[in-house]
Structure formats: structure tokens, C-alpha cells
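Asker: generate coordinates for the sequence data below:
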Amino acid sequence: MNEFVNQLGLATACLLALVLFAPLAQAQPCVVGGVGGIDPFLGAVWAFQTQTGEHGQASIGTFVGTPKNGVGFVDVIETISTNGSVTRLAQATGRYQLYPDCSGGTLDFMWNGQAIQFEFVFLPQRTEIYMVSTSNLPTAYTMWGTAKIGGVRQCPAGTVNPLDVLNNSQWAFKTFPGYYPNGGFDGPSIGTFKLTEALNRAGVLAGVLSLSETIKNFSSSPIRLSTDSGRYSVDPDCSTGTLYVNNSYRPVQFEFVFTNASFTEMYMLAIGATDVALAGHAKRF
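Answerer: Next up, the predicted model:
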């Protein structure tokens, strides 16, 4: 009996040691390229969103880590709004560094032909980062943002019509305060929208949007539970798309990028005939 108790105690101690020291044994450094460690950016598509708030700079896009010979490079596709002047789906390059303790690192993006550097920190599981600019833009504004692993650059296998990835979906959204260079700083909004497919007047399948939103403008009374209509589109590779809201207050068109291949979250940025740098975020029910 005593021998059994001793064996049980030894087994328990061994199990406890495994539990306590396993994280230490599994801990690996972050290394660009992943040789001798891990590289969360290596070959992964990250969707990102950045903004400066009242200074009229914002962007959305995706980047992929493509290290070479131990140097971290990123392949970037981004849409940039500067005081409402929009450059869509620009292809750019950049660089990244990883801190060995995997706490974060730096990202360098090209911004309208000029480089901007971000310091970033990883969130738990290293599937999301928070970032803030540490170098000046063409103007000395501070930019901040977030990025998530799982961005989309191709449609799921078997997709017949890109509209299908959003058909019969319902979303909750928010937009951040927007900056109007010709009219000052304006307020945010929240609401929901539903996306469906229907034949248009030409008999072509099209994306239909219906929306309910509340808008708080700094210069006027809030607009509560306004109902509006619009349309949506999804690009042929399912990486991005547009939402057009025929808003009773101010019609606006957004470009969006998906943050995951399940198409359940998107970053949004106002584009088109607009004078506003307006960013937003939506999640699918």
C-alpha cells in the first residue's frame, strides 16, 4: 500500500512539473523568417486599419510577410484617404522587425510614396497587433491602428459569384469621427445593415443593402434610427469590396477589407466622391 502511495505521489509530482515547466520548454523566440524560432508574419495575410482622427489621414489594406535572407519584407495592398482624396488598392512594399521576446516589433509602410514606421505590440496568441506611428508622415500627425491575421486575398474554392460570401448576412457597424477639410470635424455613427442578392432592372444579380443607423453630429442634433438603402459589391478575388449607403444625411461609399476567411469582420474606409476621411468597423451576426 505504501509503495502504491509513493508511486502515486511521484506520478503527481511529475505531472505537476510538466504543467509548470512546459510553457518554458515550448517558448520560442520571434525570428524574422522563422528559422530557429517563430515568425507570425511569415506567409500570413494580415488585414489592417490606420487613422489619425481629426487630421484626415486613414487607410485600410492587407500585408503579407515575405522575408528574404533574414530581412523582413512585407507585400502591401492598401487604400489611403488623405483629407478625402483617395488612392485605391495601391501596391507597396515595406519592412518589419520582430523583437526576440515576441512582445512586438516595427513595421515600415510606404505612405503616398513616403515611408512611415509603426511600433506594434502583439495581443495574446499573436493573431492581432496594436500599432502607433513612431516617424512623421508628410505632416507630423500621429497615426494609430490595428491589424489581424487572416485577411483575404482569394475567394474560397468553389465560389461562383463573389457576392455570395455576403448574401443573407446581417452586420453591426460603427464609424469613427470623420474629418471634413472643408467643414471641420464631424461625429460618429452606429447601426446595423443587411446584405442580400436580387436581380436589378437589367436582370443582373446585384448586391442590395438595407441599413438602420444613429448618427451624432457635433454641429447638430442626433439622427436616430434612420433607415436607408444602398448596394454592395465584392471584388472578383473576394479580398475587398464596397458598400454604398444612400444616407439621408450624407450618401457615402465605403471600401472594405475582410479580417478573416470566414467573412465575419471588416475594416471600412470612405472612398469615391467624398471630402471626408471616414473609417469604420463591422462585425457579422
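Asker: what about Met110, how many neighbours?
Answerer: Neighbour count for Met110, taken as other C-beta atoms under 10 Å: 17. Quick note: C-beta positions are derived from backbone N, CA and C, even for glycine.
Asker: give me the nearest residue to it, chain neighbours excluded.
Answerer: Among residues not flanking Met110 along the chain, Ala92 sits closest, at 4.0 Å (C-beta to C-beta, 6 or more residues apart in numbering).
Asker: show me which positions of the helix or strand containing that neighbour end up buried.
Answerer: Per DSSP states H and E, Ala92 falls inside strand 85-98. By neighbour count on 16 or more other C-beta atoms under 10 Å, the buried set for strand 85-98 is Val86, Ala90, Ala92, Gly94, Arg95, Tyr96, Leu98.
Asker: those residues into a markdown table, with extra columns for pLDDT and distance to Gly158?
Answerer: Output for the buried residues of strand 85-98, formatted as a markdown table (pLDDT from 0 to 100; distance: C-beta to C-beta, whole Å):
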| residue | pLDDT | distance to Gly158 |
| --- | --- | --- |
| Val86 | 87 | 33 |
| Ala90 | 90 | 30 |
| Ala92 | 89 | 31 |
| Gly94 | 91 | 33 |
| Arg95 | 94 | 36 |
| Tyr96 | 96 | 34 |
| Leu98 | 97 | 36 |
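Asker: Ile215: which of the residues you listed is nearest?
Answerer: Ile215 lies nearest to Val86 out of the buried residues of strand 85-98, by C-beta to C-beta, at 21.5 Å.
Asker: does that closest one touch Ile80 like I think?
Answerer: Yes. Val86 lies in contact with Ile80 (C-beta atoms under 8 Å); the separation is 7.0 Å.
Asker: stretch 37-48: how far from the chain's middle?
Answerer: 14 Å (C-alpha atoms, centre = their mean, to the nearest Å).
Asker: for that stretch, could you pull out the residues that count as buried?
Answerer: For stretch 37-48, by 16+ other C-beta under 10 Å, it's Asp39, Pro40, Phe41, Leu42, Val45, Trp46, Ala47, Phe48.
Asker: same question, stretch 131-148
Answerer: Going by 16+ other C-beta under 10 Å, stretch 131-148 has these buried residues: Met131, Ser133, Leu137, Met143, Gly145, Thr146, Ala147, Lys148.
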